[in-house]
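Trainee: What would the 3D arrangement of this be:
(chains A and B)
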Amino acid sequence: MMNKKLLIYTLTALLSSLFIFGCSRALVENELRFGIEAAQKDLWDEAIFRWQKAALAQPQSASVHNNLAVAYEKKGLWEKAKKEYELALKLDPDNAYIQSNYQNFKRNYELTKENSTNEKK
Amino acid sequence: MKKNKFALLIALLVLVSCSSPLHWKLKIEMPRRTAIDLAQFQEIIITNFWVKKQTKDINLSQELIDYFKFSLEKNFKGKIVSKEISFNHDDIFSNQDFWKNLAHSSPRALYFTGVASYGQEIRKAILEERRSDRFESPFKAEKKLAERKFYTLNLDLYLIDSTTGDVIYKREFKESKGYRNPNQTAYFAFFDLIQRVKDKLFRIILGGEKIEERYLISD
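Mentor: Next up, the predicted model:
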């Protein structure tokens, strides 16, 4: 009898945590997808708004930080983009898509740095 | 039966949670990063250029001023003026006080200045003239003495902030081009070479956009 009760409690707890995790995940997933749709329509401010919301709900999501980085790059916010790419790579270092984005971003970022000679004396 | 359904539900939930990420490949017009922000300057002052060498057919400093003035006017909202200065020592470009004092009453301005030289030379070479036949010719390829007229433009460009006197951007350009036509004029060749300088320089100071591929991902 006792064992059966314990089993029911455990299963309820497990299901609840899965449900909560699933809900927060679904929320982030919705914001992510909405942001992607906005970006595809060239509405980058809307995309940034969605992905910032997603980043608040799930700061450990590499996808959110990657997408934010792309949007910041598009808006010419280079330092913010760099920070987000680095964070995304830290969270998911083996992700080939993030690596590819970061390599392309770095080429543009560093090329201009090399060309710009600040001769402050 | 009930237990099986329950296990199936849990398995499904775990599967959905751990599914692999999706990606979208987008072609985006990415802005190019610029070395300087031109928008923070109200005026561009193009000075005469310190000419170290030039051909007799061309007034190099004046041509550079006119060319940059004309090209920048299309891309800069503020005022563009030219100013005559005298270059008396090599380290003038790093002399902050000189540049600060030069524009004491002006709004924040960007000096466009530098050192230029423009020369020409005839280069000779023995070239083998091969026929473009389909089959290998049994005869030897003809050797001819060929001459090319080469023009070289050297430009050390300095962009200086009038408020601090600092050099905020410096670049050395060395552009060279050979012409088969021995009568090619220095004036004509100059515009070929300055166009190359302009393409490189404006990409850096004005930016522009470039289509690039990026991946957007979803968990």
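
Trainee: For the rest of this, base every contact and every neighbour count on C-alpha atoms.
Mentor: OK.

Trainee: nearest residue to B:Y187 other than its sequence neighbours?
Mentor: If the residues on either side of it in the chain are set aside, B:Y187 comes closest to B:I58, at 6.3 Å by CA to CA, 6 or more residues apart in numbering or on different chains.

Trainee: so that neighbour sits in a strand?
Mentor: No. According to DSSP: H, G, I helix; E, B strand; the rest coil, B:I58 belongs to no strand; its state is coil.

Trainee: Buried residues, whichever strand or helix holds B:F70. List them.
Mentor: Counting by DSSP states H and E, the element that carries B:F70 is helix B:60-73. Judged by neighbour count (16 or more other CA atoms under 10 Å in any protein chain shown), helix B:60-73 contains these buried residues: B:60-61, B:63-65, B:69, B:72.

Trainee: Can you tell me which of those residues is nearest chain A?
Mentor: Among the buried residues of helix B:60-73, B:L72 lies closest to chain A (CA to the nearest CA), at 18.9 Å.

Trainee: Report the mean confidence score over the helix or strand where A:L6 lies.
Mentor: Of the helices and strands defined by DSSP H and E, A:L6 is found in helix A:2-40. Per-residue pLDDT over helix A:2-40 has a mean of 72.

Trainee: Quick one: name whatever helix or strand follows that helix.
Mentor: helix A:44-57.

Trainee: Identify the residues contacting the helix or strand just after that next one?
Mentor: Heading C-terminal from helix A:44-57, the first helix or strand you meet, by DSSP H and E, is helix A:62-74. Contacts to helix A:62-74, defined as CA atoms under 8 Å, 6 or more residues apart in numbering or on different chains, come from residues A:32, A:39, A:44, A:47-48, A:51-52, A:54-55, A:78, A:80-85, A:87-89, A:91-92, A:98, A:101, A:105, B:28-31, B:214-219.

Trainee: B:E172 is in contact with B:V197, correct?
Mentor: No. The pair B:V197 / B:E172 is not scored as a contact, 9.8 Å apart, by CA atoms under 8 Å.

Trainee: Excluding chain neighbours, give the residue nearest to B:L72 in space.
Mentor: For B:L72, the nearest residue in space outside its immediate sequence neighbours is B:I80; the separation is 7.9 Å by CA to CA, 6+ apart.

Trainee: Return a PyMOL selection command for the buried portion of the contacts of helix A:62-74.
Mentor: Applying 16+ other CA under 10 Å to the contacts of helix A:62-74, the buried members can be selected in PyMOL as follows:
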select buried, (chain A and resi 32+39+44+47+48+51+52+54+55+78+81+82+84+85+87+88+89+91+92+98+101+105) or (chain B and resi 28+30+31+214+215+216+217+218+219)
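
Trainee: Where helices are concerned, which of the contacts of helix A:62-74 count?
Mentor: Within the contacts of helix A:62-74, residues falling in helices by DSSP state H are A:32, A:39, A:44, A:47-48, A:51-52, A:54-55, A:78, A:80-85, A:87-89, A:91, A:98, A:101, A:105.
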